[in-house]
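K.L.:
What shape does this take:
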Amino acid sequence: MNKWYQSRLCKGLLLVLVHVLTVIMVLSLAWILVYPGQEYLSAFQKDKPLAYEDSEGFEDTVQTTVSNILDYNTLRPIFETEGKYDTNRLIDLKKFDENARAVDGTNESGMAYQVGDLIKWAESYNGIDYTEEEGVIVCKKEDGTYHYYYKSEFKKLIEEKSLQFIETEEMSLEGYMEQLGYEEYMNDSYYSDEAEKTIRDKEGKVLYVDCWEFSDGVINEKYAPEGFKNLLELVNTDAEWNGKLEEVYRILDNTLVILPHYYYKYKDGLETVEEGNTNLAYMYVDQKAKKVYTNRSAYKDYNKVEENIKKMTAQGKYVVVAPKLADFQSNMDVSAEEWKNMVTGSANQKEEFLFAVSVDTNYPIQDSFYMKNKEYEQYSPWVKVIVVGSAVSAILFLISFIWLTAVTGHVNGKEGITLNFFDRIKTEIAAALIIGGMLLAIMLPISGLSLPGDLSYGYTEEGLYISSAYGFEERFFEMVLIGGIGTLITCAVGMLGYLSLVKRIKARTLWKNSVLRWVGHLFRVFWENRRSTTKITLGYMGFMLLQLLLATGHPVFVLFVLASDVAVFAYLLKSAIAKQRIKFGIQRIASGDVNYKIPIGNMVKEDTEIVQNINHIGEGIHNAVEANMKNERLKTDLITNVSHDIKTPLTSIINYVGLLKQEKFEDPKIQGYLEILDAKSQRLKTLTEDVVEASKISSGNITLHYMNIDLVELINQTTGEFAEKFEKRNLSIVVNVPKEPAMIRVDSRRIWRVIENIYNNAAKYAMEGTRIYADLRMSDRYVQFSLKNVSEQPLNISADELTERFIRGDVSRSTEGSGLGLSIAKNLTELQGGKFLLYLDGDLFKVTIVFPRLYQQQGNPQPQPGESK
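P.N.:
Just a heads-up that it's a prediction; the model follows:
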């Protein structure tokens, strides 16, 4: 029964609807997240939307911008000299590592670089670059201090004899250099007596009591520290750094990793707060130092701080933060404590400060506030539509999702759950494909909707608060298309996996078609056949282990590897020959040669057992065939003997009945009795002849005399002879034969018996008052005769059973017959090289015989097999 709710069209529409609704929900959610105002409930509570400066989104933007400004002011001492960015400004790396706020452009530790050099270096820095030539040799002096050489420099001094090893035995330079690499330098305390080296100068004076190769990575120096050619010169000449090369490299590495983040944060802040580039004005007052940091030149006078704050609060939206929460001022709905923590955390000053910020809500400058206000005014009318649309989409999605879950796998016109190609893939493999596809698809919307601004760094060990996530809104509408396409692909892959999972559960193939079950089945089969599998597994593992051990050993072992390979090849070849013998023997036995014996010899034990069992099977088949043939012979002999014994007295009965009929009895009862005796005796004679003939045919004990017969003539003759029988049962026959002869080569007596039996069957079992159709057709190669009629009795039997001996379509046996007619007709037809076909369709019964066509111009053909000449 076709059900509309699970039709292909309905399911297709539901799938399309689910994908469309998913895209709508995701894009609506993304729109809501970046909507500048972030006011959703107020859109339903008020007739007119709030102004942008009164929205929560405006407050968040102000707070984010102020956070960037505070970060910028914190970073200015690192990069600026007298308020200007200075590439030559020095950064003391030790100060920077301990507390970045302490960097003031001076070089107190001796390890300092110019800002410009560090920024350029950091752009191409990807960790510790280490090569063999750039290694460092550490030499320890008698006073416990150290001297460092680059490896290339050290080798050169050794070759020039400026430095010499005091050795106890001859060793090459390469040997010494290689041995240096085994010594580890760990906190000036671990030394190996075996690796200890003593070095002297040309005059024989001992310079170093030990030396080794620096074990940690060495940074490839692209720029030199201030006042030195390289870092080794620094640690060799500065007592503070001597023996601390590992610490020097750590500090440099940390600086090159962290400084770029500070630099780009500083550059972003510089561009954002520069006067004339923003509608936001800020003023940070250091009351202790009596300094004012601001982006407005008019607010730099410390003596006019209070006056300037009044000007700022009159411009639009403002926030004033002081050490005490009671002094906090703002006309925005913000948290005083949150703002105080943000200011004090960034400036690292708890008291004696004042911070003020204001935004000109007339937006005279086209900055981010101006753009967001414009976007807010443009899109605020759509808030209700987006929110309601998202809710409706979610409801429709849920309905469609449940609907699809219920009908998936069901197909009109088919029983059970229908699985497609993907549903037949192993469960774990399908899950991996779906998860992988979804991850790839998710990358597209994530890349399209990711934050282009810097992410928040939080509080660092140096006390810096780096946080920023801006620029999203400006690029959002450029990325909607990418996000929509990515969401669509993700949904398509996800729905494919989900619906496949549902169908697997419904069809109960989730576990049946899993890799785990398959592996478990393999282990079970392995265990059930452990007698053979254990030997093969252990042998294979041993062979692989032998290969591995010999291949990794001395080259002489290659000969053993080759010998083992030859042995395995010989074993496989021997097994292949045995399998070929077994295959050939099975084919011989299957073809009927049950006496064939597979030769046993030069086989492994398992193959020998298989061959012996197959030979025993052949013997069993031979014995069964012999027994069956013996039974058939006994059956044939029994039928022949019984028929012969019946035939002798039956002949006497027929003769005596004939003699009695000649007496011309006048009593009608006696005449009736004689007629019955005559009819029954004749029927018994016919039955006996049929049984004998059927027995001869089944045993092949029959001789055929082939000749050319015109089947058209034979059909016409048979039709005439059966006309009286048909008339008695009110049957009319319609004959359709060609005018030209239909020549076939058969035994005339046997073909007559075939046609007679077919006609006789129709005369007995056709429904009275119906027609019988006799059709003869010819093709280039065959002659086909068919006779069809409507059966009087229901045919609750197959066509094959009707051609069996003693089987009748008349189950009630209300008519006379032996059940041998069609069986004899079929066997005689096939013996003469023809085909005998039965067709049953309800009460319609049709017999068809087919013989090869014989052309008269062919002359005298050669006798057929079994034909008498």
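
K.L.:
so what pLDDT did His554 get?
P.N.:
pLDDT recorded at His554 is 62.

K.L.:
Burial check on the nearest residue to Lys291 once chain neighbours are set aside, number of neighbours?
P.N.:
Counting by C-beta to C-beta, 6 or more residues apart in numbering, Tyr302 is the residue found nearest to Lys291 once chain neighbours are left out, at 6.9 Å. No exception for glycine: its C-beta is placed from N, CA and C like everyone else's. Other residues lying near Tyr302 total 14 when counted by other C-beta atoms under 10 Å.

K.L.:
which ones are touching Tyr302?
P.N.:
By C-beta atoms under 8 Å, 6 or more residues apart in numbering, the contact set of Tyr302 is Val285, Lys290, Lys291, Val292.

K.L.:
which residue packs closest to the second one, ignoring adjacent ones?
P.N.:
Among residues not flanking Lys290 along the chain, Tyr302 sits closest, at 5.2 Å (C-beta to C-beta, 6+ apart).

K.L.:
Where neighbours are concerned, which of the contacts of Tyr302 has the most?
P.N.:
Counting neighbours by other C-beta under 10 Å, Val285 comes out on top of the contacts of Tyr302 with 23 neighbours.

K.L.:
so that one bridges to which residues?
P.N.:
Legend: beta-bridge partners of Val285 under DSSP bridges are Val292, Leu354.

K.L.:
Tell me if I am right that Val783 is in a strand.
P.N.:
Yes: the assignment for Val783 by DSSP: H, G, I helix; E, B strand; the rest coil puts it in a strand.

K.L.:
how close does the residue nearest to Lys291 get to Lys288?
P.N.:
Using C-beta to C-beta, to the nearest Å, Tyr302 is found at 12 Å from Lys288.

K.L.:
Distance from stretch 332-345 to the middle of the chain?
P.N.:
Chain-centre distance of stretch 332-345: 53 Å, with C-alpha atoms, centre = their mean, to the nearest Å.

K.L.:
Could I have the CA atoms of that stretch written out in CSV?
P.N.:
Presented in CSV, the C-alpha positions along stretch 332-345 are these (Å, rounded to 0.1, in the frame of the first residue of the first chain):
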residue,chain,number,x,y,z
MET,A,332,25.9,54.1,30.8
ASP,A,333,24.6,50.9,32.4
VAL,A,334,28.0,49.5,33.3
SER,A,335,29.6,47.8,36.4
ALA,A,336,31.8,50.2,38.4
GLU,A,337,33.8,47.4,40.0
GLU,A,338,34.4,45.7,36.6
TRP,A,339,35.7,48.9,35.1
LYS,A,340,37.9,49.6,38.1
ASN,A,341,39.4,46.1,37.9
MET,A,342,40.1,46.6,34.2
VAL,A,343,41.8,49.9,34.7
THR,A,344,43.9,49.0,37.8
GLY,A,345,44.8,45.6,36.3
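
K.L.:
List the buried residues in it.
P.N.:
Judged by neighbour count (16 or more other C-beta atoms under 10 Å), stretch 332-345 contains these buried residues: Met332, Val334, Ala336, Trp339, Lys340, Met342, Val343, Thr344, Gly345.

K.L.:
which among these gets closest to Trp382?
P.N.:
If you rank those by distance to Trp382 using C-beta to C-beta, Met332 comes first, at 25.0 Å.

K.L.:
Quickly note the distance from that closest one to Ala314.
P.N.:
With the distance defined as C-beta to C-beta, Met332 ends up 15 Å from Ala314.

K.L.:
give me the element Ala627 is part of.
P.N.:
Assessed by DSSP states H and E, Ala627 sits inside helix 605-662.

K.L.:
Over to Leu677?
P.N.:
Using DSSP H and E, the element containing Leu677 is helix 668-699.

K.L.:
what about the helix or strand following that helix, average pLDDT?
P.N.:
Per DSSP H and E, the first helix or strand lying C-terminal to helix 668-699 is strand 706-710. Average pLDDT, strand 706-710: 92.

K.L.:
and what of stretch 217-232?
P.N.:
Mean predicted confidence for stretch 217-232 is 88.

K.L.:
again, but for stretch 387-403
P.N.:
87.

K.L.:
Same question for stretch 494-510.
P.N.:
The average pLDDT for stretch 494-510 rounds to 90.

K.L.:
how's the chain carved up into domains?
P.N.:
Recorded structural domains for the chain (assignment: automatic domain parsing) are 4-34+380-507, 130-218, 529-588, 704-858.

K.L.:
So for Ser514, which of those domains sits nearest?
P.N.:
With C-beta to C-beta as the criterion, Ser514 lies closest to domain 4-34+380-507 of the domains of the chain, at 4.2 Å.

K.L.:
Now do the residue nearest to Lys291 against Asp60, distance only.
P.N.:
For Tyr302, the distance to Asp60 (C-beta to C-beta) stands at 31 Å.

K.L.:
What score does the most far-flung residue of the chain relative to its centre have for pLDDT?
P.N.:
Distance from the centre of the chain peaks at Glu666, with 99.1 Å (C-alpha atoms, centre = their mean). At Glu666, the pLDDT value in this model is 77.

K.L.:
which SS class is it?
P.N.:
coil.

K.L.:
Contacts only, for it.
P.N.:
Neighbours of Glu666 in contact, by C-beta under 8 Å, 6+ apart: none.

K.L.:
Got phi/psi on it?
P.N.:
Backbone torsions of Glu666, given as degrees, to the nearest 10, read phi -90, psi -20.

K.L.:
and what of Ala322?
P.N.:
Note on Ala322: backbone dihedrals following degrees, to the nearest 10 are phi -130, psi 170.

K.L.:
what's near enough to touch it?
P.N.:
Ala322 makes contacts with Phe328, Phe353, Leu354, Phe355, as judged by C-beta under 8 Å, 6+ apart.

K.L.:
again with Leu844
P.N.:
Residues near Leu844 by C-beta under 8 Å, 6+ apart: Lys788, Val790, Ser791.

K.L.:
how far away is it from Gly821?
P.N.:
Leu844 is 19 Å from Gly821, by C-beta to C-beta.

K.L.:
Also Thr22?
P.N.:
As judged by C-beta to C-beta, Thr22 and Gly821 stand 74 Å apart.

K.L.:
Would you pull up how far stretch 539-547 lies from the middle of the chain?
P.N.:
With C-alpha atoms, centre = their mean, you get 34 Å for stretch 539-547.

K.L.:
Only alpha carbons, please: show it as CSV.
P.N.:
What follows is stretch 539-547, C-alpha atoms only, in CSV (Å, rounded to 0.1, in the frame of the first residue of the first chain):
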residue,chain,number,x,y,z
GLY,A,539,55.3,-20.2,11.5
TYR,A,540,54.7,-16.9,9.8
MET,A,541,55.7,-14.9,12.9
GLY,A,542,58.8,-17.0,13.2
PHE,A,543,59.7,-16.5,9.6
MET,A,544,59.2,-12.7,9.8
LEU,A,545,61.3,-12.6,13.0
LEU,A,546,64.0,-14.6,11.3
GLN,A,547,64.0,-12.2,8.3
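
K.L.:
Mean confidence (pLDDT) on it, please.
P.N.:
On average, stretch 539-547 scores 78.

K.L.:
Could you do stretch 15-34 as well?
P.N.:
80.

K.L.:
cool, stretch 240-248 as well?
P.N.:
The model assigns stretch 240-248 a mean pLDDT of 91.

K.L.:
I'd like to check what contacts that stretch. Which residues are they?
P.N.:
Outside stretch 240-248, the residues touching it (C-beta under 8 Å, 6+ apart) are 109-111, 136, 138, 145-146, 148, 188, 214, 216, 231-232, 234-236.
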